[in-house]
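S.K.: Have a look at this prediction, sequence included:
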Amino acid sequence: MGLIRRLRVTQRAMERAMLGVSLRDQIRNMEIHRITRVTDIAQRVAKLKWQWAGHIVRRKDGRWGSKVLEWQPRTGKRSVGQLPTRWTGDIKRVASSRWITAAQNRGTWNSLQKTYVQQWTSIG
């Protein structure tokens, strides 16, 4: 959540710099976004993450990318509290635990992409 927020703040600062507008001008973010028509950075990041996960799963050349997606670190004792979220946790929420088999079919995978992007960007 913090990453999404920081990316959006940086994007808004860049859009203001492109237009030569400062915060003292008190122009709303929605107005600046309407003028620049730049894609929301959170949507772009979510879309690229989804596409990359599908690409890595479909690749069968023996490289380590797919192994890293499912890697679970082996440490002695786990820390107190909630387990750290994994990179694939977001993907599993949309495509279920069988997301690897869903990614093999490009049509199914691309149809789930819009749902994933909406969920991921609503977090921040």
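M.R.: Everything's here; your move. Quick caveat: nothing in here was measured; it's all calculated off a predicted structure. Numbers count the residues shown, from 1 in each chain.

S.K.: list the helices and strands the lowest-mean-pLDDT helix or strand in the chain packs on?
M.R.: Lowest mean confidence among the helices and strands of the chain (mean pLDDT, DSSP states H and E): helix 65-69, at a mean of 74. If contacts are counted by 3 or more Cβ pairs under 8 Å, 6 or more residues apart in numbering; DSSP states H and E, helix 65-69 sits against helix 41-58. In this view, the C-beta of every residue, glycine as well, is placed from N, C-alpha and C.

S.K.: Counting neighbours, show which residues of the helix it packs on come out buried.
M.R.: Using 16 or more other Cβ atoms under 10 Å as the test for burial, helix 41-58 gives 41-42, 45-47, 49-50, 53-54, 56-57.

S.K.: and that helix, what does it pack onto?
M.R.: Counting by 3+ Cβ pairs under 8 Å, 6+ apart, helix 41-58 packs on helix 2-19, helix 65-69, helix 89-95, helix 99-104, helix 106-123.

S.K.: how about 6 Å then?
M.R.: With contacts taken as 3 or more Cβ pairs under 6 Å, 6 or more residues apart in numbering; DSSP states H and E, helix 41-58 sits against helix 2-19, helix 65-69, helix 99-104, helix 106-123.
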